[in-house]
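> Please work out how this folds:
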Amino acid sequence: MSRLRVGVDVGGTFTDVVSVDDVTGEVRSCKVPTVPDNRAQGVLDGLRALLRAGEACASLAHGTTTITNAIVEGRVAPVGLVTTRGFRDVLEIARMNRAHLYRLELPARAEPLVPRRRRLEITERVGPDGTVQTPLAPGELEGIVAALRAEEVEAVAVCLLHAYANPAHEQALRRAIEPHFRHVSVSSEINAEFREYERTCTTALNASVMPLAARYVDGLTAALGGATGGPALRLLHSAGGMMSVAAAKARPLAMALSGPAAGVAAAAHVARALGVDRALAFDMGGTTTDVCLISDGAAETTSQRKLADFPVRLPMVAVESIGAGGGSLARVDEVGALKVGPQSAGAVPGPACYGQGGTLATVTDANLVLGYLNPARLYGGTIRIRPDLARSAVETIGRRLGLSTLEAAHGIVEVANASMLRALRLVSVQRGHDLRRFSLIAYGGAGPVHAGALARQCGIARVIVPAHSGAFSALGCLVSPLRYDAVQTHRARLDAWDGKLIEDRFRALEEQCLRPILEEGHAASAVTLARSVDLRYVGQNYEIELPWGRDPGLRPAFEARHRQLYGYATGEGVECVNLRVVARLGDVTAPHPGPLPSGEREPGHTSSTSHPLPLRGRGQSEGAAASLVGAQRAYFPETGEVTMPRHDRTALAPGAVVTGPAVVEDEWSTIVVYPDQRAAADARGHLILDLESTS
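Next up is the predicted model:
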């Protein structure tokens, strides 16, 4: 039997693949170009590049941006909506808040996902306590089905008033509609919470991507069966866990943020492996920077965020994304201020230094001018950067500001860093955490270039640049556990707590989460169940999620967290709003990546390590001299222009220390070690940066 587990992340440019051998501990990784018109083909290409002759993989964990891209680009299926009579226009009414309060020429909100002609009503009414006030009218179903068929909808969303309290009418509608439409999404299975607009929007969005998800997953499953002997396929969802093919087809919206979730899952794994209690995942790519807080080895999650101006209410990693990346454009605005992002040069034409027609300065161009990037390298296996084009673009910015080219480049980087620093503070300081107690886990193409400077500015003492950071999201797929979430609105004051009713509802949610795990043949004893509750002061419009604990312990825990977040607590009554359950299939047996192999390779190559995992007992190096491969001029404001050494990361032995200023390169990323910092290689292949001791 095969002993290889494979993780795959399909990105816009490259498909990353990582495998681990559960017997020998060997870790291999590769990158291949993504095939935009047939992303499953990119997966197969990656497997062919990674697997040796005669090998097959036992399981494949897969993350993809297909769902996200479809929603953002508006490439979703036509959807019909069936709702309670009198609530046809919930999607149209939406919420009163405006994204731009004083720009009245802008529309107050996005156009509803389902146009009015495809929003149909049925007679029924359930109360908020679950009692049936008006029975479902089955005689109206034939007309509803006929109207939806006339509109040629591909999927149907069913969202009835208060169905979260009693789903019987929704289930009856599902049974009546499914014989006529393959894709049906009902709100009580997607998001069993109150707040009608968000629940309706989430259910309709889920329905809109069901056809796309089914085609993609079915095609990939068929292709894998022919190419690799049919490995067990699981897909990454937005909460940082894996789910079955059946679950992914039923709830494809859960995959909407699987890209950022994969990187965060890998960062959380690294934090656990290194015993880091508090960390910030920092992923800086070409267009955006994603940051997320990790506490006690687990990524912080949220229950709602916006996607393409639509609210999505499903469990997701609490990633904050900002428009600051290596390709972010620099400009001087009408009042003479330097701005960076959120506009990006994109992959084409890209930064000016790529030589593909771009003439505007970007963060990457500024880093090249400052000497932080090596102009002799072949980046991504295909791109050779040109310092002359970067200098010309940055010089244009400098002339408008009255600055030298170096000063302008430094200004561009500082403005970008300020944006990223705000994002780091948003997920930490503004949520009641002290940044100085955190480590920064930096990955992505540009993350390790900026991480040292950001850590210094916000008081973070340590930066971790993980091994295999070039394929970090694929690694995240590999280390994510099988996980299912369930939620049920239950409104009750803590001073009127019905313990038996709460226990019964928690057990029902646990059974719901356990069902797909048990159906795959896993033992219930291997599953970890976690309960939590959403609490708020009576009359508040927001809730705080807390681990489950019986009252009176809940109230002091709630008040302590409320005081940490908002600076106060009151004597007002506290009520429960939602009950939540998370089921995880044990702890993932995951690789501790070993040192990276040396050598420049083209996309499609494989990198491998064959050390038993975890790596222990390897000798210390005599120093970093063996890794020295050259030098380059660089500018730092505290030192001016200096000549700094350039090191090959793959040649750094465990224990080797590089003192800044210096640059450390691996195949897919560059790590800048700033003045008064040092970087040490550990036995697992991670590079640890900290402030240089002055004692």
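> Only C-alpha atoms from now on, for both contacts and neighbour counts.
Will do.
> Which residues lie in contact with A318 in this structure?
Neighbour list for A318: 292-293, 299-302 [criterion: CA atoms under 8 Å, 6 or more residues apart in numbering].
> Kindly indicate which of those lies nearest A279.
L293 (6.2 Å; CA to CA).
> among the contacts of A318, which ones are buried?
The neighbour-count test (16 or more other CA atoms under 10 Å) applied to the contacts of A318 identifies 292-293, 299-301 as buried.
> ok so, going back, rebuild the contacts of A318 as a markdown table, extending it with secondary structure.
Shown next, in a markdown table, are those (DSSP: H, G, I helix; E, B strand; the rest coil):
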| residue | secondary structure |
| --- | --- |
| C292 | strand |
| L293 | strand |
| A299 | strand |
| E300 | coil |
| T301 | strand |
| T302 | strand |
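> now these in a markdown table, with distance to Q41 and pLDDT?
Converted to a markdown table, the contacts of A318 look like this (distance: CA to CA, whole Å; pLDDT from 0 to 100):
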| residue | distance to Q41 | pLDDT |
| --- | --- | --- |
| C292 | 31 | 94 |
| L293 | 34 | 94 |
| A299 | 31 | 91 |
| E300 | 33 | 90 |
| T301 | 32 | 89 |
| T302 | 33 | 90 |
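> and which of those is nearest to P179?
The closest of the contacts of A318, once distances to P179 are taken by CA to CA, is T302, at 35.5 Å.
> which residues pair with the closest one across the strands?
Applying DSSP bridges to T302 gives these bridge partners: M316.
> Average pLDDT for stretch 434-449, rounded please.
In this model, stretch 434-449 has an average pLDDT of 91.
> Pull the distance from that stretch to the chain's centre.
Remark: stretch 434-449 is offset 15 Å from the chain centroid, using CA atoms, centre = their mean, to the nearest Å.
> ditto for stretch 89-105
27 Å.
> For that stretch, measure first residue to last.
Distance between the two ends of stretch 89-105: 23 Å, counting by CA to CA, to the nearest Å.
> got the contact list for the nearest residue to P135 once chain neighbours are set aside?
Nearest non-adjacent residue to P135, counting by CA to CA, 6 or more residues apart in numbering: E124, 5.2 Å away. Applying CA under 8 Å, 6+ apart, one finds that E124 lies in contact with 84-85, 133-137, 169.
> Give me the distance between E124 and T131.
As judged by CA to CA, E124 and T131 stand 12 Å apart.
> Go ahead and flag the most central residue of the protein.
P260 (1.9 Å; CA atoms, centre = their mean).
> Please name the residues that touch that residue.
Neighbour list for P260: 290, 319, 473 [criterion: CA under 8 Å, 6+ apart].
> cutoff 7 Å now
If you count contacts by CA atoms under 7 Å, 6 or more residues apart in numbering, P260 has none.
> my hunch is that it is in a strand, does that hold up?
No. Under three-state DSSP, P260 sits outside any strand and is assigned helix.
> please begin residue numbering at 32 from this point
OK, 32 is where the count begins now, so the last one is P291.
> Against which helices or strands is the helix ranked longest in the chain packed?
Using DSSP state H, we find that the single longest helix of the chain is helix 227-259. Contact analysis of helix 227-259 by 3 or more CA pairs under 7 Å, 6 or more residues apart in numbering; DSSP states H and E lists helix 121-124, strand 186-190, strand 214-217, helix 218-221, helix 276-281, strand 341-343 as its packing neighbours.
> Pull out the buried positions in the helix or strand following the second one.
Per DSSP states H and E, the first helix or strand lying C-terminal to strand 186-190 is helix 199-208. Within helix 199-208, the residues that count as buried by 16+ other CA under 10 Å are 199-202, 204-205, 208.
> Widest-spaced pair of these?
Taking CA to CA, the two most distant members of the buried residues of helix 199-208 are A199 and I208; they sit 14.4 Å apart.
> what residue ranges in the stretch 232-381 of the chain score low on pLDDT?
257-261, 378 (pLDDT under 70).
> at 50 what do you get?
Counting by pLDDT under 50, the stretch 232-381 of the chain shows low-confidence ranges at 259.
> Check the chain too.
For the chain, the stretches flagged by pLDDT under 50 are 259, 619-653, 724-726.
> Nearest residue to I221 in space, ignoring adjacent ones along the chain?
Nearest non-adjacent residue to I221, counting by CA to CA, 6+ apart: T234, 6.3 Å away.
> mind listing what the one you found touches?
Contacts of T234 (CA under 7 Å, 6+ apart): 188, 216-218, 221.
> now do G256
Neighbours of G256 in contact, by CA under 7 Å, 6+ apart: none.
> 10 Å instead?
250, 262-263 (CA atoms under 10 Å, 6 or more residues apart in numbering).
> what does V613 give?
For V613, the contacting residues are 346, 514-518, 540-541, 544-545, 558-563, by CA under 10 Å, 6+ apart.
> Secondary structure element for it, which one?
Under the criterion of DSSP H and E, V613 resides in strand 605-616.
> related to what we said a few turns ago, please, a PyMOL command that selects the buried ones among the contacts of V613?
This is the PyMOL syntax for the buried subset of the contacts of V613, where burial follows 16+ other CA under 10 Å:
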select buried, resi 346+514+515+516+517+518+540+541+544+545+558+560+562+563
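> Closest one to G691 out of the contacts of V613, please.
Distance to G691, by CA to CA, is smallest for P346 among the contacts of V613, at 41.2 Å.
> right, and the closest one touches S269 too?
Yes. Using CA atoms under 10 Å, P346 is in contact with S269, at 6.8 Å.
> tell me the SS of G271?
coil.
> Equivalent analysis for P676, please.
Counting by three-state DSSP, the backbone at P676 sits in strand.
> burial count for the residue nearest to it when sequence neighbours are not counted?
In this structure, P676 finds its nearest non-sequential neighbour in A662, 4.3 Å apart by CA to CA, 6+ apart. Number of residues near A662 (other CA atoms under 10 Å) recorded here: 14.
> May I have the phi/psi pair for A662?
When read as degrees, to the nearest 10, the backbone of A662 gives phi -150, psi 160.
> how far away is the residue nearest to P373 when sequence neighbours are not counted from Q488?
With CA to CA, 6+ apart as the criterion, P373 has its nearest non-adjacent residue at 4.1 Å, and that residue is G354. Per CA to CA, G354 is found 20 Å from Q488.
> quick one, which of the two is more surrounded?
Remark: of G354 and Q488, G354 carries more neighbours, 23 against 12, as counted by other CA under 10 Å.
> circling back: tell me which of the helices and strands packed on helix 227-259 sits nearest to E534.
Each of these was scored for nearness to E534 using CA to CA, and the closest is helix 218-221 (19.8 Å).
> and that closest one, how far from the chain's centre?
23 Å.
> buried ones in it?
Across helix 218-221, burial judged by 16+ other CA under 10 Å covers 218-221.
> Out of those, the closest to V39 would be?
Nearest to V39 among these: I221, at 26.0 Å, using CA to CA.
> ok, back up a step: which neighbours do P346 and S269 share?
By CA under 10 Å, 6+ apart, P346 and S269 have these common neighbours: 285, 332.
> Tell me how far the residue in the chain sticking out farthest from the centre lies from A392.
Distance from the C-alpha centroid of the chain peaks at G170, with 45.0 Å (CA atoms, centre = their mean). Between G170 and A392 the distance is 65 Å, computed by CA to CA.
> again with F225
Distance from F225 to A392, counting by CA to CA: 48 Å.
> out of the two, which sits in the more crowded spot?
The neighbour comparison of F225 against A392 (other CA under 10 Å) goes to A392, with 30 against 20.
> you'd agree that one is up against E426?
Yes. A392 sits in contact with E426 when judged by CA under 10 Å, with a separation of 8.7 Å.
> Overlap of the contact sets of these two?
420, 440.
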